[in-house]
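Visitor: Would you be able to build a 3D model of this:
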Amino acid sequence: AIFIINRNRTFLGQSVPRRTRDVVRTLEADEMVLTVQDVKSVLVGPQSARFKAEIHFNPQLLSDKYLAAHNNLREVHKTCRAVETE
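Guide: Residues are numbered from 1 along each chain as shown. Now for the predicted structure:
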C-alpha cells in the first residue's frame, strides 16, 4: 500500500492533458460556445481533477434561447423602451 501511495503521489499536481482536451472539444462542439480560452487542469487526487477555463458564449444565440424559453419578448422590449426615454 505504501508503494502505491508513494507512486501515485508523484502524479498529484500534474496537468491532465487527455481529459482536458476531451472537455475542451465537448465545450467547443456546443453551438452556444464561441471560444474556450485560458484552459488549466490539475490532478488533485487519484480519481479527481480541477478544470478551469474562460468560456465566451454566443450572445445572439444566448439571448434568442432566453427569450424563447421565457416567452417575454414584449416585456423586454417595454423595458428597453423605458431606458431609451429616460
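
Visitor: how about the longest strand seen in the chain: buried residues?
Guide: Criterion DSSP state E: the longest strand present in the chain is strand 33-45. Buried residues in strand 33-45, counted by 16 or more other CB atoms under 10 Å: V33, V36, V39, S41, L43. All C-beta atoms are positioned from the backbone trio N, CA, C, and that covers glycine.

Visitor: chain center to it, what's the gap?
Guide: With CA atoms, centre = their mean, to the nearest Å as the basis, strand 33-45 stands 8 Å off its chain's centre.

Visitor: re earlier: now, among the buried residues of strand 33-45, which is nearest to E75?
Guide: V33 (27.6 Å; CB to CB).

Visitor: who's in contact with the closest one?
Guide: By CB atoms under 8 Å, 6 or more residues apart in numbering, the residues touching V33 are L27, I55, H56, F57, N58.

Visitor: Make TSV out of these and add secondary structure, neighbour count and pLDDT.
Guide: Listed next are the contacts of V33 as TSV, based on DSSP: H, G, I helix; E, B strand; the rest coil; neighbours: other CB atoms under 10 Å; pLDDT from 0 to 100:
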residue	secondary structure	neighbour count	pLDDT
L27	helix	15	94
I55	strand	16	96
H56	strand	10	96
F57	strand	12	95
N58	coil	15	94
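
Visitor: where does the chain dip in pLDDT?
Guide: Along the chain, segments meeting pLDDT under 70 span 1-16, 84-86.

Visitor: Contacts for the strand or helix carrying T20, please.
Guide: Assigned by DSSP states H and E, T20 belongs to helix 17-29. Contact with helix 17-29 is made by V33, T35, V36, V39, S41, A49, F51, A53, I55, as judged by CB under 8 Å, 6+ apart.
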